[in-house]
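Peer 1: take this sequence and fold it.
(2 chains)
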Protein chains: 2
Amino acid sequence: VELLIPLDSGNSMPMYEQIYHYIKNEIRNGNLKTRQKLPSSRELAKSLKVSRSTTQLAYEQLVSEGYLEAVPRKGYFTAGLEGIFPPISESKVNANLQEPGEPFSEYHEMENEIDIDFSLRGIDLDSFPFSTWRKISRSVLKEERREILLKGDPQGDRQLREAIRDYLHGARGVNCSADQIVVGAGNEYLLMLLSQLIGTDTGIAMESPTYEQAYRVLTGMGNPVYPVGVDQSGFMVSELEHLPVDVAYVMPSHQFPMGIVMPVKRRQELLLWAGEKDGRYLIEDDYDSEFRYKGKPIPALQGMDTKGRVIYMGTFSRAIAPAIRVGYLVLPESLMKKYWEQARFYSSTVSRVDQKILAGFLQGGFFERHLNRMREVYKWKHDRLLAALKPLEERFEIRGEYAGLHILLSAKGNVTEKELVEAAADEGIRVYGLSDFFIHRDEVREDKTVLLGYAKLDEDKIQTGAERLCEIYSKFTRL
Amino acid sequence: VELLIPLDSGNSMPMYEQIYHYIKNEIRNGNLKTRQKLPSSRELAKSLKVSRSTTQLAYEQLVSEGYLEAVPRKGYFTAGLEGIFPPISESKVNANLQEPGEPFSEYHEMENEIDIDFSLRGIDLDSFPFSTWRKISRSVLKEERREILLKGDPQGDRQLREAIRDYLHGARGVNCSADQIVVGAGNEYLLMLLSQLIGTDTGIAMESPTYEQAYRVLTGMGNPVYPVGVDQSGFMVSELEHLPVDVAYVMPSHQFPMGIVMPVKRRQELLLWAGEKDGRYLIEDDYDSEFRYKGKPIPALQGMDTKGRVIYMGTFSRAIAPAIRVGYLVLPESLMKKYWEQARFYSSTVSRVDQKILAGFLQGGFFERHLNRMREVYKWKHDRLLAALKPLEERFEIRGEYAGLHILLSAKGNVTEKELVEAAADEGIRVYGLSDFFIHRDEVREDKTVLLGYAKLDEDKIQTGAERLCEIYSKFTRL
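Peer 2: Sure, this is the predicted structure:
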């Protein structure tokens, strides 16, 4: 079938959603019959003049809602819904389609169109210590104590908080007691909590480009968020004085996505700014500081803070697995007081069993061992990627190396980010444009940079992907 | 030791916190030596002229932070902290004290002061099907699929959502598809999410008295919350027209704490109000509808809603265990659209493993069996309590029976709630004053009512407790 979808770029509804609604309605009202093949996301993108990621997003949602079925190497088909609206049972049809288990917001490798995805999300899970994790889980479940059925401490089990404190103190130079730690089901939840503590109308400065999830949570909470530029030293503290903000959200150990490690001078400037006025805070998001492949680890900003202005955030999603929904806040004393007054009534969002398993994993030394192993795995991937990209060195600047789970490729010559992304996509390789990470479009100061994540890819794909990129980009004669 | 704590009732800091800070400082600066016995919470309350729950709250926090140790039947002692401040390691000392596992905000039965606590929180855990739960957990962990390490669908795994949909449809008459369900780590988290969808500045009407956690979450999110009265039919819809609200938060199946089941006429009035204007919604909190001991289950308000105005909320914390941090929202279509635009980026807060275990528990029929068993257990306790309270019938009205996990005792004669609570407490029995559940003190329209929860108590304690209450209350000659 051909889909003639009337898209309206003036509509506030995102393009992918317009496509999604159109197809859903066509299926619901019977215009699209059961088991019909749809155009590939690439063809549809071409005919609608939108990007392929837009059509793919729409298709994937229709799959996850059960309107479409994705058949590997064949394409998308309408599902067998034979007249079962209204929707009570529609969704049963494709229960099994959810199985591959990729989060919605990561791109599937459907239709064999994208062979190699340098995705910035996800981590290497092949080295996950399944048997250890299972062993600890079993012993936690064996205890059969009523305790694990009860809600427990709102801040998280003391045993877990102590394990986190010990880790943070030893590995990140964070100074705190277990009493200052609040454990929660992921950093998005913890940011929602934190926004209430600092006030949902408090202005917050964020680096731009930045981690978009955090931006969306804070604006969703009502906080006015102001973008701040990033130079070679990271967060441009000088811009703060013109902004109506009392809080700055920073990633000093390894800025996402720029990969910058903030030098100590800039750190001191940040701390000075925060110390100038009561009620000012720095949110230090230390999201992937575990992965540094050269030199000593960069201690956390929190450890330099003598005035109690730094709120430290960390997560186990990257270091262990995304499904481990455990993150934590380290609150300075003034905010602990607020927490007690305003937020202590929130029950812990992490199940007791999960807390105990994680605590066992930390205290048994398994986490450290796992981190050391993963550091080697990622360093190896990182080195492999850089080596394979070497032919591009003359015409690209390669940044962000030696830490984290992605690198940046910036063209020196006359070529746009869009061209780089599309040329790669045409050959089945997905790389990501830097401009997507800016808070407002009009701040985009460079548009020649693409990002390559390597955590999830195996070595062969990294090697092949990098080689093919070298080939593709060598065709840009303007470079 | 005697504690001379200078309390300031004009201070904005709550009394228990003043006591907490005072003792903490005395320990930190060495004025209170290691292993010293403190006055009992009752003695301290008497000497400070505050309520015993205030001193107990302070003590319990000091215990959970590791400053005090609670020795059953002996009392509270300062912990062995021998000069280890600043706080890096202070908290290790008493790691084991956390063990009894009661949430902070529930009162411990320390010091043998309160023998029988008719607590409104907690549930009966003796009947928890541990071996089934463990069996399902093991089989989930055995699969060893990478899938369970990935984040999964932000709304929750489809398998789980379908199991919830089937349950809600069959047991509660809720009309929805799995696509409308959002699973999250407890209803507090889900309310935070919901507040963003309906707008954090939207006015919300809530019954007063009500479920205070929900009130605190919504005000914490910035929503202006307006109290609405409760008559024999529950939520007084007529009061809505004078309030600047577009949303009403209601518990039609079994209002907490009044126990009222909203009749169909009032339900229709609510739905009519909601249907009058676009953007109006009803939040239906169906927190304990599972437990009804007489007649047919009351179907959910959601099932009567033809205009898509009802947001349905439920939880497994009461029906399975508080540590199962899983609740769910059923969103009407208009809010699903908003969810897609504004909140789809929030990762699920429930771990993948937990979702799979719960789905297995539901789909294997274990949940239904467990509910049936618990309904019997609670009915038995409920009947026992009512029977034992029979001698009070002439002088008390007994309300809220045949459903839920608590009852209300209202004195007919000239006696205050405070007297009822205190007379019981003096004899080691804790009952709860209704006035604590009103949003504002000045709305308290009745002050002769106490609440008795029976979920957590065993039969003997229920029997003894009720008998002793009869004895205690028979002494009030004014009744």
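
Peer 1: residues contacting A:Ala423?
Peer 2: A:Ala423 makes contacts with A:472-473, A:475-476, as judged by C-beta atoms under 8 Å, 6 or more residues apart in numbering or on different chains. Any C-beta I mention is one placed from the backbone N, CA and C, and that applies to glycine too.

Peer 1: where neighbours are concerned, which of the residues you listed has the most?
Peer 2: When neighbours are counted by other C-beta atoms under 10 Å in any protein chain shown, A:Tyr473 leads the contacts of A:Ala423 with 22 neighbours.

Peer 1: circling back to that earlier point, between the contacts of A:Ala423, which is nearest B:Ala387?
Peer 2: Of all those, B:Ala387 sits closest to A:Ile472, with 81.6 Å by C-beta to C-beta.

Peer 1: and the helix or strand that that closest one is a member of, what does it pack onto?
Peer 2: Following DSSP states H and E, one finds A:Ile472 within helix A:459-474. If you count contacts as 3 or more C-beta pairs under 8 Å, 6 or more residues apart in numbering or on different chains; DSSP states H and E, helix A:459-474 packs onto strand A:116-117, helix A:366-389, helix A:417-426, strand A:429-430.

Peer 1: now it - C-alpha only, CSV.
Peer 2: Extracted C-alpha coordinates of helix A:459-474, given in CSV (Å, rounded to 0.1, in the frame of the first residue of the first chain):
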residue,chain,number,x,y,z
GLU,A,459,34.3,-5.5,18.5
ASP,A,460,33.6,-6.8,15.0
LYS,A,461,30.9,-4.3,14.5
ILE,A,462,33.0,-1.5,15.8
GLN,A,463,35.8,-2.4,13.5
THR,A,464,33.5,-2.8,10.4
GLY,A,465,31.5,0.3,11.3
ALA,A,466,34.6,2.4,11.7
GLU,A,467,36.1,1.1,8.5
ARG,A,468,32.9,1.8,6.6
LEU,A,469,32.7,5.3,8.1
CYS,A,470,36.2,6.0,6.9
GLU,A,471,35.2,4.9,3.4
ILE,A,472,32.0,6.9,3.4
TYR,A,473,33.5,10.1,4.8
SER,A,474,36.5,9.9,2.4
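
Peer 1: show me where the stretch 251-400 of chain A has helices.
Peer 2: Using DSSP state H, counting those that start in this stretch, the helices found in the stretch 251-400 of chain A span residues A:264-275, A:333-338, A:352-363, A:366-389.

Peer 1: most tightly packed of these?
Peer 2: helix A:352-363 (a mean of 23; mean count of other C-beta atoms under 10 Å in any protein chain shown).

Peer 1: residues contacting it, please?
Peer 2: Helix A:352-363 is contacted by residues A:132-133, A:136-137, A:139-141, A:147-152, A:156-157, A:159-160, A:163-164, A:166-167, A:183, A:316, A:320, A:324-326, A:348, A:366-367, A:370, B:323, B:351, B:353-354 when judged by C-beta under 8 Å, 6+ apart.

Peer 1: how about a cut-off of 6 Å?
Peer 2: Outside helix A:352-363, the residues that touch it by C-beta atoms under 6 Å, 6 or more residues apart in numbering or on different chains are A:136-137, A:140, A:148, A:152, A:157, A:159-160, A:163, A:326, A:367, B:323, B:351.

Peer 1: which two among those residues are spaced furthest apart?
Peer 2: Of all pairs drawn from the contacts of helix A:352-363, the greatest distance, 22.8 Å, lies between A:Phe367 and B:Ala323 (C-beta to C-beta).

Peer 1: before we move on, the earlier item: so can I have a markdown table of the contacts of A:Ala423 showing pLDDT?
Peer 2: Output for those, formatted as a markdown table (pLDDT from 0 to 100):
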| residue | pLDDT |
| --- | --- |
| A:Ile472 | 93 |
| A:Tyr473 | 93 |
| A:Lys475 | 83 |
| A:Phe476 | 79 |
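
Peer 1: what's the closest of those residues to A:Met336?
Peer 2: Of all the contacts of A:Ala423, A:Met336 sits closest to A:Tyr473, with 51.4 Å by C-beta to C-beta.

Peer 1: before we move on, the earlier item: redo the helices and strands packed on helix A:459-474 as JSON lines? Include mean pLDDT.
Peer 2: Below are the helices and strands packed on helix A:459-474 laid out as JSON lines (pLDDT from 0 to 100):
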{"stretch": "strand A:116-117", "mean pLDDT": "94"}
{"stretch": "helix A:366-389", "mean pLDDT": "93"}
{"stretch": "helix A:417-426", "mean pLDDT": "92"}
{"stretch": "strand A:429-430", "mean pLDDT": "95"}
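
Peer 1: could you export those as CSV, including distance to B:Leu44?
Peer 2: Below are these laid out as CSV (distance: least, C-beta to C-beta, whole Å):
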stretch, distance to B:Leu44
strand A:116-117, 63
helix A:366-389, 42
helix A:417-426, 67
strand A:429-430, 65
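
Peer 1: which one of the ones you listed lies nearest to B:Lys33?
Peer 2: Ranking those by proximity to B:Lys33 (C-beta to C-beta) places helix A:366-389 first, at 37.6 Å.

Peer 1: how much space separates A:Leu405 from A:Lys379?
Peer 2: 11 Å (C-beta to C-beta, to the nearest Å).

Peer 1: swap in A:Ser40?
Peer 2: Counting by C-beta to C-beta, the gap from A:Ser40 to A:Lys379 is 38 Å.

Peer 1: got it, and A:Ala424?
Peer 2: A:Ala424 is 25 Å from A:Lys379, by C-beta to C-beta.

Peer 1: ok, A:Tyr293 - how many residues close by?
Peer 2: A:Tyr293 has 15 neighbouring residues, counting by other C-beta under 10 Å.

Peer 1: do the same with A:Lys24
Peer 2: Neighbours around A:Lys24, by other C-beta under 10 Å: 17.

Peer 1: now the phi/psi pair for it, please.
Peer 2: Note on A:Lys24: its backbone torsions stand at phi -60, psi -40 [degrees, to the nearest 10].

Peer 1: contacting residues for it?
Peer 2: A:Tyr67.

Peer 1: does A:Glu162 lie in a helix or a strand, and which?
Peer 2: When the helices and strands are read off by DSSP H and E, the one containing A:Glu162 is helix A:158-172.

Peer 1: convert that helix to PDB, retaining C-alpha atoms only.
Peer 2: The C-alpha atoms that make up helix A:158-172 are tabulated as PDB, following Å, rounded to 0.1, in the frame of the first residue of the first chain:
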ATOM      1  CA  ARG A 158      20.900   1.400  55.700                       C
ATOM      2  CA  GLN A 159      23.000  -1.500  54.600                       C
ATOM      3  CA  LEU A 160      22.800  -0.400  51.000                       C
ATOM      4  CA  ARG A 161      23.400   3.300  51.800                       C
ATOM      5  CA  GLU A 162      26.500   2.300  53.700                       C
ATOM      6  CA  ALA A 163      27.700   0.200  50.800                       C
ATOM      7  CA  ILE A 164      27.200   3.200  48.500                       C
ATOM      8  CA  ARG A 165      28.900   5.600  51.000                       C
ATOM      9  CA  ASP A 166      31.900   3.300  51.100                       C
ATOM     10  CA  TYR A 167      32.100   3.100  47.400                       C
ATOM     11  CA  LEU A 168      31.700   6.800  46.800                       C
ATOM     12  CA  HIS A 169      34.200   7.700  49.400                       C
ATOM     13  CA  GLY A 170      36.800   5.300  48.100                       C
ATOM     14  CA  ALA A 171      36.300   5.600  44.400                       C
ATOM     15  CA  ARG A 172      35.000   9.100  44.000                       C
END
